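**Student:** Return a 3D structure for these sequence lines:
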Amino acid sequence: MIKKIYRVSLIILLLLSISLKAQKPQTILINNVEIFNGIDQKTIKGNVLIEGNKISKISNKPIATNKSALVTIIDGGGKFLMPGLIDAHYHAMFAGLPQIALLTSDIGFVNIAAAKNIENLLMNGYTSVRDLGGPVFGLKQAIDRGLVNGPRIWPSGAFISQTGGHGDFRLPNDIPADPTKGLTYAERINAAAIADNPDAVRVKAREQLMLGASQIKLMAGGGVSSMYDPLDVTQYTEAEIRAAVEAAENWGTYVTVHAYTPRAIQQSIRAGVKCIDHGQMIDEETVKMMVEHNVAWSLQPFIDEGDKGVLSPESRAKQLEMYNGTDTAFALAKKYNVKIGYGTDVLFDGQKAAQPGVQLLKMKRWFNNYEILKMATSNNADILAMSGKRSPYAGRIGVIEEGALADLLLIDGNPLENLELFTNTQTALLLIIKNGQFVKNIL
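**Tutor:** Numbering: from 1, shown residues only. Here you go, the predicted structure:
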């Protein structure tokens, strides 16, 4: 009996030992690579050591390591190493499914479809996204726990909208609202939150912060895909926007707004908003105001690609009206040297969601490859860092520097010379590392 207990004890100790070894942080040494650090146009040849989930050393000289089984040594073969890409305006739950499917399907199905889409995004080199609206908290939790493969997510949760605003998905026969009928489906799944006075906006902002929002998303102007609001409509009052700003600032974070027009943008800035998303119909006066108040600008490459039947005729007309301002917006951003972030804002379009590299290439209309890669790495990382302590991940991203989080891509080719490599990621992306762990390794 004693021998049996002794044998069982040995087995338990052995299993515990194996478990502890498995939990020990991995060390990865990547030798002989061309390093783009996410900031400087000039690359350097060198070696990168990853310990745990961070970059611990970068050197143009050999890096000594313990040659144990816990150290993985990669010969980079002179290939291109860069930070993981970041999308500063994404909708993980809304990107790949048609709008009608999102509004009528069971949320379980929507989550599974979103998980499939977000895994594809990671395998195309995107290791972080700022999610600007949607019931994404569960998907984020599954990714963070390793149940689903996907990028880091900075979530906003439900976007907050006024009645008839860009986030109001109710049908006309739901109006006038009857509080005895309860919340609509979009509200119940935390896709959108309708609020129509400062106190209500404050409550809805606090609810999203309670659930884990890293920033608050407010609809401050008309939108393309929404039914009731022309693009020129300014949504919310300064007092209502300020209520969300105060709630966010009390939590050490910020508000970003959906806005296209000068009036909507200027009102938002006066209310204390720290980031503008879109701004395609902006004017010169408003750009100067953004620069003066140090407001971040997340700008998307919205250009006409023809009518694919995704939108209603009414929304398609609004889309074309908005597209007409895109070139002017980028020209003004360049004229005033605004530090802009790159985002896709893909909505309800499975084909676009499946090809994130194609969206990145659209930026070549206005910028060179270096400028684009800097936007999609360190510039976007600076926008995500605006969340402060509400950031769900501790550490710097978007760069290759000592102490930064180890989110890295090894590419067969030089995207500073050939950005089209991101449209062929299946073979061009040799190595994807997220948080110090291999996501892909075909070396």
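**Student:** mind listing what the closest residue in space to residue 58 that isn't next to it in sequence touches?
**Tutor:** Nearest residue to residue 58 in three dimensions, chain neighbours excluded: residue 48, at 5.4 Å (Cβ to Cβ, 6 or more residues apart in numbering). All C-beta atoms are positioned from the backbone trio N, CA, C, and that covers glycine. Residues near residue 48 by Cβ atoms under 8 Å, 6 or more residues apart in numbering: 29, 30, 33, 35, 55, 57, 58, 81, 400, 408.
**Student:** Quick one, grab the pLDDT at the second one.
**Tutor:** On the pLDDT scale, residue 30 is placed at 98.
**Student:** What is the helix or strand hosting it packed up against?
**Tutor:** Assigned by DSSP states H and E, residue 30 belongs to strand 27-35. Under the contact definition 3 or more Cβ pairs under 8 Å, 6 or more residues apart in numbering; DSSP states H and E, strand 27-35 sits against strand 44-51, strand 71-75, strand 80-83, strand 408-411.
**Student:** can I get these in TSV with distance to residue 326 and mean pLDDT?
**Tutor:** Below are these laid out as TSV (distance: least, Cβ to Cβ, whole Å; pLDDT from 0 to 100):
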stretch	distance to residue 326	mean pLDDT
strand 44-51	35	98
strand 71-75	41	95
strand 80-83	27	98
strand 408-411	28	98
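**Student:** Export these to JSON lines and append columns for distance to residue 316.
**Tutor:** Formatted as JSON lines, the helices and strands packed on strand 27-35 follow (distance: least, Cβ to Cβ, whole Å):
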{"stretch": "strand 44-51", "distance to residue 316": "47"}
{"stretch": "strand 71-75", "distance to residue 316": "48"}
{"stretch": "strand 80-83", "distance to residue 316": "37"}
{"stretch": "strand 408-411", "distance to residue 316": "36"}
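**Student:** Of those, give the one that comes closest to residue 95.
**Tutor:** Closest approach to residue 95 among the helices and strands packed on strand 27-35 is made by strand 408-411 (20.9 Å; Cβ to Cβ).
**Student:** Using the record's domain definitions, break the chain down for me.
**Tutor:** 2-83+399-441, 85-390 (automatic domain parsing).
**Student:** which residues are in contact with stretch 369-382?
**Tutor:** Under Cβ under 8 Å, 6+ apart, the answer for stretch 369-382 is 36, 38-39, 41, 82-88, 128, 130, 296, 339-343, 360, 363-364, 367, 396-399, 415-419.
**Student:** if we go to 6 Å?
**Tutor:** With contact meaning Cβ atoms under 6 Å, 6 or more residues apart in numbering, stretch 369-382 is reached by 38-39, 41, 83, 85-86, 88, 341-342, 363, 397-399, 416, 419.
**Student:** That stretch: how far from the chain's middle?
**Tutor:** Distance of stretch 369-382 from the chain centroid (Cα atoms, centre = their mean, to the nearest Å) equals 13 Å.
**Student:** Straight-line length of that stretch, end to end?
**Tutor:** End-to-end distance of stretch 369-382 (Cα to Cα, to the nearest Å): 19 Å.
**Student:** repeat for stretch 146-155
**Tutor:** Length of stretch 146-155, first residue to last, Cα to Cα: 17 Å.
**Student:** tell me the SS of the spatially most central residue of the chain?
**Tutor:** Centroid-nearest residue in the chain, with Cα atoms, centre = their mean: residue 129, separated by 1.9 Å. Secondary structure assignment for residue 129 (DSSP: H, G, I helix; E, B strand; the rest coil): strand.
**Student:** Any idea what it is bridged to?
**Tutor:** Going by DSSP bridges, residue 129 is paired in beta bridges with residue 87, residue 153.
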